[in-house]
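>>> Dropping the sequence and predicted coords here.
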Amino acid sequence: MEAAAAIIGLLFVLFVLAGVFVTVKAVKAAKRGVDRTVAHARRTVEDTTLRARQLAQPGVVGELAQLRLSLRTSMRATQEVLYAGSADDASLSEAIGLFERLSAHGHELDDELKRLEREPDRATIGNRLPDLRERLEQITHSAESLRWAARDRARKFADDDLASLSDQIDVETGALRHWTRVEDAADPLREPVPGRPESAGPGETKTSTGDRPTEKHARAGATGGPSDAARSWSPTPEDPPAITARDPRTQPSYPWQKAPRTEDTTT
């Protein structure tokens, strides 16, 4: 009984621990989902605000908004391409590492542009704009290089896979269209094809036209020559009867026939 109670207690503890583990995992997953939703909503609000400020406030303020919007758009597009491609191509891990280092410079530039938006001295902002624009072009150019390289790599793999698939399909379609007409050589009703030797029957061999026996040889084989080993010296019932001349003394005489002339033996 004590062993059964201990086992039941152990199972209860395991069930409780499993429930706690599942609850914690679910809470963390929900928190990550909420964080992603909040971050996406924040980015959407910031992008909308920057577009509105770019159109509504011309001058340095509108230009700062344009610079921030260009930076965010380029970095976000590169991040999506690299992280989406890394699931199928492990070679993009190094490119992702380089992008993360580039993202640090991008965040610094974005924070600096955000601080300048609250700067009341417009002249100071105007003096800083050429340097900020140059840094922005350098960062966006690097991000675009990584993005287009990853896209070209993915397209190259897709083209190679499509070419290999097309070759395999061509081979398979050729195999499906390849069939051989089976000729029934044992069919007695099949007519021979001119110019093609017929199939040999059981116990026979195929002979070409040049090997066929001539009429002379066929006749000799039918009648049998002196050198024929199977020749029979006695007449057989199948042999035709010999034709002999009739004896004139035994021939019947008729009235209208002339008497036979005898030769005169006297001189």
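Yes, it's here. Numbers count the residues shown, from 1 in each chain.
>>> going forward, measure contacts and count neighbours with C-alpha atoms only.
OK.
>>> same for the one helix or strand residue 5 maps to, what does it pack against?
Assigned by DSSP states H and E, residue 5 belongs to helix 2-56. On a contact count with 3 or more Cα pairs under 8 Å, 6 or more residues apart in numbering; DSSP states H and E, helix 2-56 meets helix 60-85.
>>> packing partners for the helix it packs on?
helix 2-56, helix 92-117, helix 122-177.
>>> In CSV, list those helices along with mean neighbour count and distance to residue 62.
Putting those into CSV (neighbours: other Cα atoms under 10 Å; distance: least, Cα to Cα, whole Å) gives the following:
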stretch, mean neighbour count, distance to residue 62
helix 2-56, 12, 4
helix 92-117, 16, 9
helix 122-177, 14, 12
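>>> Please report the distance of residue 173 from residue 159.
21 Å (Cα to Cα, to the nearest Å).
>>> err, residue 107, not the other one
Distance from residue 107 to residue 159, by Cα to Cα: 36 Å.
>>> Residue 65 is in contact with residue 54, isn't it?
Yes: counting by Cα atoms under 8 Å, residue 65 touches residue 54, with 5.5 Å between them.
>>> Next, find the distance separating residue 87 from residue 71.
Using Cα to Cα, residue 87 is found at 25 Å from residue 71.
>>> who has more neighbours, those two?
Per other Cα atoms under 10 Å, whichever of residue 87 and residue 71 has more neighbours is residue 71, with 20 against 10.
>>> quick one: contacts for that one?
106, 110, 136, 139, 140 (Cα atoms under 8 Å, 6 or more residues apart in numbering).
>>> what's the closest of those residues to residue 39?
Distances from residue 39 to those, taken as Cα to Cα, are shortest for residue 110 (16.3 Å).
>>> What pLDDT does the model give the closest one?
For residue 110, the pLDDT comes out at 92.
>>> And residue 28, by the same measure?
Residue 28 carries a pLDDT value of 81.
>>> For residue 124, see how far away it is.
Counting by Cα to Cα - residue 28 and residue 124 are separated by 46 Å.
>>> now swap in residue 179 and tell me
83 Å.
>>> again, but for residue 101
Residue 101 is 29 Å from residue 124, by Cα to Cα.
>>> Would you map out the domains in this structure?
Listed by automatic domain parsing, the domain ranges of the chain are 1-56, 60-171.
>>> Among these, which one carries the weakest average confidence?
Among the domains of the chain, domain 1-56 carries the lowest mean pLDDT, a mean of 81.
>>> so what's residue 22 up against?
Counting by Cα under 8 Å, 6+ apart, residue 22 has no contacts.
>>> mind pulling up the phi and psi values for residue 86?
Backbone torsions for residue 86, taken as degrees, to the nearest 10, come to phi -70, psi -20.
>>> Look up how far residue 4 lies from it.
Remark: distance between residue 86 and residue 4 (Cα to Cα) = 52 Å.
>>> for residue 57, same thing?
Counting by Cα to Cα, the separation of residue 57 from residue 4 is 78 Å.
>>> again with residue 112
For residue 112, the distance to residue 4 - Cα to Cα - is 68 Å.
>>> cool, and residue 137?
Relative to residue 4, residue 137 is positioned 73 Å away (Cα to Cα).
>>> With residue 82 instead?
Counting by Cα to Cα, the gap from residue 82 to residue 4 is 56 Å.
>>> Also residue 103?
60 Å.
>>> same check, this time on residue 43
To residue 4, residue 43 is 58 Å away according to Cα to Cα.
>>> Could you do residue 149 as well?
Taking Cα to Cα, one finds residue 149 at 65 Å from residue 4.
>>> Likewise for residue 171?
Distance from residue 171 to residue 4, by Cα to Cα: 67 Å.
>>> And for residue 118?
Taking Cα to Cα, one finds residue 118 at 72 Å from residue 4.
>>> just residue 148 next, same as before
Using Cα to Cα, residue 148 is found at 66 Å from residue 4.
>>> How about residue 36?
Taking Cα to Cα, one finds residue 36 at 48 Å from residue 4.
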